[in-house]
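**Q** Pasting a predicted model and its sequence here:
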Amino acid sequence: MTEIIDGNAVAQSIRDDLATAIDQLADAGHTPTLATVLMSDDPASETYVSMKQSDCEEVGIEALDIDIDPDADAAKLYDTVSDLNADEDVNGILVQMPVPDHVSDRQVLRAIDPRKDVDGFHPENVGRLVAGDARYKPCTPHGIQKLVESAGVDTEGKEAVVVGRSDIVGKPMANLFIQKAPGGNATTTVCHSRTEDLPQKTREADILVAAAGVPEMIDGEMVKDGATVIDVGINRVDADNDKGYELVGDVEFESTKEKASAITPVPGGVGPMTRAMLLYNTVKATGLQHDVTVDLP
Ligand code: GUN
């Protein structure tokens with residue numbers, strides 16, 4: 001029987017387990033505070049930010065919700081980030097990506113104080129991750145490590161194949177898989193749009209992470225028997241329903257399920273974990289900033 005990995009359940013257990021650390025911070029007089037900054041009117045980005053806000057509320061993290069007109073000057077965003085950096089009551093800052101074309105995402109990510117960079121996207125935090133001394137693991141790959149662990153799969157010595165080389169998922173995922181640490185020690189291959197003979201690579205994978213943003217690009221023919229398959233894709237495709245679209249992953253679920261020993265669904269797999277690990281990083285950030293030792297899940 002193929003295990004359908006329940007991201008909602010694993011995320012809920014992480015949220016429940018964060019209570020210990022949140023209580024430890026409260027005992028020391030601190031409430032973790034996350035500022036989300038949205039400079040976009042893209043409905044998907046609006047939805048993601050509002051879900052992050054309600055997640056914070058559920059676990060007792062204070063959330064500041066800052067909206068910037070997408071047509072405003074880039075300076076408006078930099079000034080906002082600079083104010084949040086200086087605000088001692090703010091522990092984590094998340095600028096929802098993508099930002100408008102007239103704003104440099106690279107410059108924005110560098111403007112965030114790395115101690116408050118709960119996405120883990122600042123070059124200082126990327127460098128620390130690569131060096132094996134992560135301060136904040138990026139939320140999606142960290143969540144995937146937790147999902148793989150929850151399925152009882154040990155990564156050590158396994159063949160891990162990551163399809164996609166984004167800064168947000170593919171690159172940090174590969175870096176986590178190669179760390180000499182729990183959830184790492186995997187022999188890791190990164191595939192991308194210029195990879196020749198992708199199916200030959202994916203068929204080698206004991207653990208396959210699909211994060212290319214291409215609807216249903218991985219099917220059962222591309223997967224080894226017994227593989228663990230993690231689908232990061234959330235793609236809107238046209239559908240004959242009320243909304244006019246449906247969400248599909250980067251993995252063709254039905255044919256892949258026949259081969260895999262464990263697989264994440266879309267929705268309800270990786271997505272909830274990304275949000276749970278943002279809470280985790282915000283709690284961690286608060287502990288680091290106030291020198292309070294916290295027990296994290
Ligand atoms: N846009 C899509 N995923 C993410 C994420 O993990 N963090 C931020 N800041 N923006 C995103």
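**A** Looks like it arrived, so ask away. Numbering: from 1, shown residues only.

**Q** Only C-alpha atoms from now on, for both contacts and neighbour counts.
**A** Will do.

**Q** All the helices of the stretch 51-200 of the chain, residue numbers only.
**A** If DSSP state H, counting those that start in this stretch is used as the criterion, the helices of the stretch 51-200 of the chain fall at 74-86, 105-111, 123-130, 139-150, 170-178, 198-202.

**Q** Which one, of the ones you listed, ends up nearest to the ligand?
**A** Nearest of the helices of the stretch 51-200 of the chain to the ligand, taken as C-alpha to the nearest ligand atom: helix 139-150 at 6.1 Å.

**Q** and the angle for the closest one with helix 170-178?
**A** Computed by axes from the mean of the first three to the mean of the last three C-alpha atoms, to 10 degrees, the angle separating helix 139-150 from helix 170-178 equals 40 degrees.

**Q** Could you list every helix and strand in contact with helix 139-150?
**A** Counting contacts by 3 or more C-alpha pairs under 8 Å, 6 or more residues apart in numbering; DSSP states H and E, helix 139-150 is packed against helix 7-27, helix 170-178, helix 270-290.

**Q** Just send those back as TSV, with mean neighbour count, distance to Ser193 and mean pLDDT too.
**A** Conversion of the helices and strands packed on helix 139-150 to TSV gives the following (neighbours: other C-alpha atoms under 10 Å; distance: least, C-alpha to C-alpha, whole Å; pLDDT from 0 to 100):
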stretch	mean neighbour count	distance to Ser193	mean pLDDT
helix 7-27	18	28	98
helix 170-178	24	12	98
helix 270-290	24	22	98
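
**Q** Can I get those helices in TSV including distance to the ligand?
**A** Formatted as TSV, the helices and strands packed on helix 139-150 follow (distance: least, C-alpha to the nearest ligand atom, whole Å):
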stretch	distance to the ligand
helix 7-27	15
helix 170-178	12
helix 270-290	7
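
**Q** how about CSV for these, with distance to Val90 added?
**A** Shown next, in CSV, are the helices and strands packed on helix 139-150 (distance: least, C-alpha to C-alpha, whole Å):
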stretch, distance to Val90
helix 7-27, 14
helix 170-178, 25
helix 270-290, 9
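
**Q** Looking at those helices, which is nearest to Asn185?
**A** Closest of the helices and strands packed on helix 139-150 to Asn185 is helix 170-178, at 5.2 Å (criterion: C-alpha to C-alpha).

**Q** residues in contact with the closest one?
**A** Contact with helix 170-178 is made by 126, 129-130, 138, 141-142, 155, 160, 162-165, 183-190, 211, as judged by C-alpha atoms under 8 Å, 6 or more residues apart in numbering.

**Q** let's go with 6 Å and repeat that
**A** Pro141, Gly164, Arg165, Gly184, Asn185, Ala186 (C-alpha atoms under 6 Å, 6 or more residues apart in numbering).

**Q** While we're on the fifth one, how confident is the model there?
**A** As summarised for this prediction, Asn185 has a pLDDT of 98.

**Q** Against Val130, how distant is the closest residue in space to it that isn't next to it in sequence?
**A** Leaving aside its sequence neighbours, Asn185 sits nearest to Glu156 (C-alpha to C-alpha, 6 or more residues apart in numbering; 4.6 Å). As for Glu156, its distance to Val130 is 18 Å (criterion: C-alpha to C-alpha, to the nearest Å).

**Q** Please apply the same query to Ser261.
**A** 30 Å.

**Q** quick one: which of the two has more around it?
**A** Ser261 (19 against 16; other C-alpha atoms under 10 Å).

**Q** ok, that one touching Ile5?
**A** No: contact status for Ser261 versus Ile5: not in contact, 10.1 Å apart, counting by C-alpha atoms under 6 Å.

**Q** on that earlier part again, can you put the contacts of helix 170-178 in CSV and add neighbour count?
**A** Formatted as CSV, the contacts of helix 170-178 follow (neighbours: other C-alpha atoms under 10 Å):
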residue, neighbour count
Pro141, 26
Gly164, 22
Arg165, 18
Gly184, 22
Asn185, 19
Ala186, 24
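
**Q** which of those residues lies closest to Gly271?
**A** For the contacts of helix 170-178, the nearest to Gly271 is Pro141 (10.9 Å; C-alpha to C-alpha).

**Q** How about the closest one: what's its closest non-neighbour residue?
**A** Nearest non-adjacent residue to Pro141, counting by C-alpha to C-alpha, 6+ apart: Met173, 4.9 Å away.

**Q** got the contact list for Thr155?
**A** Thr155 makes contact with Gly183, Gly184, Ala186 under the criterion C-alpha under 6 Å, 6+ apart.
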